[in-house]
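> Sequence and predicted structure are below.
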Amino acid sequence: MRVRYFIPVILLLALLAFFALLLNLQYFNITELVFEGNKIYQDSTLIKDTNLKTNENGFKQLFDQGGKLYLFRYSKEEEHLKNIFPYIKDIRITYQVPDTISYVIEERNAIFYTAYLGTYLVLDHEGTVLEVSESAPDKDLILLSGISFTTFKTGKKLDLENTNKLDTAAVTFNAIKKADDKGTYIEEFLPLVEEISFADKKNIHMMLKNKIMAIIPADDNITYNINSLLDIYFKSLQVKGNGVLDFTGTNPVFTPITGQKQETSSATTQG
């Protein structure tokens with residue numbers, strides 16, 4: 001009977017001794033922190049705020065920092081960095097035995113910005129606040145107006161009164177980007193978009209840099225209407241100047257604006 005219980009105790013002590021040796025062997029000391037996928041944040045910036053260090057045992061840091069030990073993954077450190085750096089959407093930090101810690105990062109893309117009490121909030125397509133500035137961003141971002149919220153927190157999604165508006169803006173952006181990526185037209189359309197406004201409850205108003213405004217119903221046909229807008233813009237409106245392109249009727253109607261005179265005409269694509 002004593003032998004039966006004695007053997008497991010010996011094995012347990014041997015296992016503990018093995019782990020104690022593992023946690024103290026310099027062979028497993030970290031010599032390099034390797035970052036992949038980060039464009040917004042430099043390696044030096046991330047190294048400054050990470051809790052993981054070089055010249056320390058990789059296994060010991062796994063136990064000290066906690067996380068998914070069986071995956072050799074520093075999951076608590078992942079959450080730590082996501083809380084500090086709002087552009088980090090996802091991150092996977094793993095111990096590459098014997099001496100490397102790998103950071104694989106997926107960053108958010110800044111797409112929109114909106115005004116809030118004298119400041120400007122930079123947003124991704126999900127409404128996550130990425131930056132706050134006192135002046136309008138210099139980047140080629142699209143202004144969102146007519147969206148309502150009471151407060152915000154950097155790194156978190158806006159608590160919007162109507163999330164459908166942001167969804168509509170994202171669908172609009174993606175439809176335009178898809179056409180741009182295909183190279184369907186002689187130039188990209190996305191850089192022309194200055195503002196998407198939801199001041200009208202039923203329609204979105206899209207302001208372009210050449211002073212053309214498109215009025216598009218915010219309904220299930222928005223992707224179709226966006227594609228029609230691009231077709232009409234590149235094939236019919238290049239030389240017509242300022243005006244309003246209205247998709248709210250049976251057919252799109254373009255109203256050019258020249259001084260005090262306005263002329264309404266049907267807007268059609270030219271094959």
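Sure, I can see it.

> Quote the end-to-end distance of stretch 244-257.
Using Cα to Cα, to the nearest Å, the end-to-end distance of stretch 244-257 comes to 8 Å.

> Would you mark the buried spots in it?
V244, L245, D246, F247, P252, V253, F254, P256, I257 (16 or more other Cβ atoms under 10 Å). Any C-beta I mention is one placed from the backbone N, CA and C, and that applies to glycine too.

> I'd like to know which helix or strand in this structure has the lowest mean pLDDT.
Least confident element among the helices and strands of the chain, by mean pLDDT, DSSP states H and E: strand 261-262 (a mean of 48).

> returning to that earlier point: nearest to R108, out of the buried residues of stretch 244-257: which one, please.
F247 (30.7 Å; Cβ to Cβ).

> Which stretches in this protein count as strands?
Secondary structure of the chain (DSSP state E): strands at 32-36, 88-96, 100-107, 112-116, 119-123, 129-133, 142-145, 193-197, 203-208, 212-217, 243-246, 253-258, 261-262, 265-266.

> comparing these, which gets the lowest mean pLDDT score?
Note on the strands of the chain: lowest mean pLDDT is at strand 261-262, with a mean of 48.

> Next, work out how far apart the closest residue to S135 other than its chain neighbours and I204 are.
Excluding the flanking residues, the one nearest S135 by Cβ to Cβ, 6 or more residues apart in numbering is Y120, at 6.8 Å. Distance of Y120 to I204, given as Cβ to Cβ, to the nearest Å: 20 Å.

> What residues are bridge-paired with I215?
The bridge-partner assignment for I215, based on DSSP bridges, gives H205, D246.

> now do V253
Going by DSSP bridges, V253 forms beta bridges with D246, S266.

> Touching, it and D246? I think so.
Yes. With contact defined as Cβ atoms under 8 Å, V253 reaches D246; the gap is 4.8 Å.

> Name the residue in Y120 and I204 with the higher neighbour count.
Taking neighbours as other Cβ atoms under 10 Å, Y120 and I204 compare with I204 leading, 23 against 18.

> Would you reformat the strands of the chain as JSON lines and include distance to N164?
Conversion of the strands of the chain to JSON lines gives the following (distance: least, Cβ to Cβ, whole Å):
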{"stretch": "strand 32-36", "distance to N164": "36"}
{"stretch": "strand 88-96", "distance to N164": "23"}
{"stretch": "strand 100-107", "distance to N164": "26"}
{"stretch": "strand 112-116", "distance to N164": "15"}
{"stretch": "strand 119-123", "distance to N164": "16"}
{"stretch": "strand 129-133", "distance to N164": "19"}
{"stretch": "strand 142-145", "distance to N164": "13"}
{"stretch": "strand 193-197", "distance to N164": "13"}
{"stretch": "strand 203-208", "distance to N164": "11"}
{"stretch": "strand 212-217", "distance to N164": "13"}
{"stretch": "strand 243-246", "distance to N164": "22"}
{"stretch": "strand 253-258", "distance to N164": "26"}
{"stretch": "strand 261-262", "distance to N164": "32"}
{"stretch": "strand 265-266", "distance to N164": "30"}
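
> Since that was my last question, I'll sign off now.
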